[in-house]
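> Build me a structure from this.
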Amino acid sequence: MTPATPSGERVLVVDDEPDIVALVAYHLAKAGYRVATASSGTDALESVRRERPAIVVLDLMLPGMSGYEVLDQLRANDATRDVAVLMLTARREEVDRIQGLSLGADDYLTKPFSPQELVLRVGAILRRVSAGGATSGDRLQIGALQIDLGAHQVKVDGDPVDLTPTEFKLLLTLAERRGRVQARAHLLETVWEAAPDIQTRTVDMHVQRLRAKLGAAGDMIETVRGFGYRLRVPQGRPA
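You can find the predicted model right below:
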């Protein structure tokens, strides 16, 4: 049995299949979440504006406005860019997963799915959202990169960088273990709390987005071919 979440975070479930919505909502509510539902992209965005959820469980195949478009609008809006998103999709092709992850989804789950796994994925994502809740004085400075754990903020040469919760956790994991190679499977277990047999392409896409957002500082994240990734400490800069 999944333990109840004491804070009762709000989850928005977006799907145009009533049976799927009922199944997902039931298991999330049973786990202690406050659940809202929407059957279209337009309704989903309106619901998010009314009351910001902690996470959106988002189907890609929606009438009118696709899940990709919903995700894109969430990430483009300052008020919603940090809302976590779990994609729920019948599309199993890698290109579809890559597109969703490229737009900033935190994780994905393909249909048919285990309701228990969905609840665990939601919980894992929300733990990443609250990760780094250290004291406000805790900061990591690595070259031009500054990570403020308490404020959950990242800056490059003093300029703030907007990261999703998963991107922040990925960067923090690499930063805390800077100079050491982190295998993709290990990053999946640490950042996504996932079994190592889940697609390692998930890691690659998030690293790609993270590098792009960090600009020149993104070069500090090195690909170690055949192994994984390492955050390099620049010579002559604070670490």
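
> The residue sitting nearest the centre point of the chain: what's it in contact with?
Using Cα atoms, centre = their mean, the residue of the chain that lies closest to the mean C-alpha position is D106, 2.4 Å off. Listed by Cβ atoms under 8 Å, 6 or more residues apart in numbering, the contact set of D106 reads I55, A84, V85, L86, I125, R128, T164, P165, T166. From N, CA and C alone the C-beta is placed, and that goes for glycine too.

> What's opposite the first one in the beta bridge?
So the one you mean is I55. V11, A84 (DSSP bridges).

> where's V11 relative to V119, distance?
10 Å (Cβ to Cβ, to the nearest Å).

> anything in contact with each of those two?
With Cβ under 8 Å, 6+ apart, V11 and V119 have common neighbours L28.

> can you tell me the helix or strand for the residue nearest to the residue nearest to the centre of the chain when sequence neighbours are not counted?
Nearest residue to D106, sequence neighbours excluded (Cβ to Cβ, 6 or more residues apart in numbering): T166, at 4.3 Å. Per DSSP states H and E: T166 is located in helix 165-176.

> Pull the distance from the helix or strand following that helix to the chain's centre.
Later in the chain than helix 165-176, the nearest helix or strand by DSSP H and E is strand 182-183. With Cα atoms, centre = their mean, to the nearest Å as the basis, strand 182-183 stands 19 Å off its chain's centre.

> list the buried ones in the helix or strand following strand 182-183?
Using DSSP H and E, the helix or strand that follows strand 182-183 in sequence is helix 184-191. For helix 184-191, the neighbour count (16 or more other Cβ atoms under 10 Å) marks R184, A185, H186, L187, L188, T190, V191 as buried.

> Report the buried residues of whichever helix or strand comes after helix 184-191.
Next in sequence after helix 184-191, counting helices and strands by DSSP H and E, comes helix 201-214. By 16+ other Cβ under 10 Å, the buried positions in helix 201-214 come out as T202, V203, D204, M205, H206, V207, R209, L210, R211, K213, L214.

> ok, for the fourth one, nearest residue in space, not its chain neighbours?
Beyond its immediate neighbours in the sequence, the residue positioned closest to M205 (Cβ to Cβ, 6+ apart) is L101, lying 4.0 Å away.

> Please report how far the one you found lies from T202.
6 Å.

> Quick check: neighbours shared by these two?
Listed as contacting both L101 and T202 by Cβ under 8 Å, 6+ apart are Y108.

> Next, the contact list for the residue lying closest to A90 once chain neighbours are set aside, please.
Distance criterion Cβ to Cβ, 6+ apart; nearest residue to A90, sequence neighbours excluded, is K111 at 4.4 Å. Shown in contact with K111 (Cβ under 8 Å, 6+ apart): I20, L88, T89, A90.
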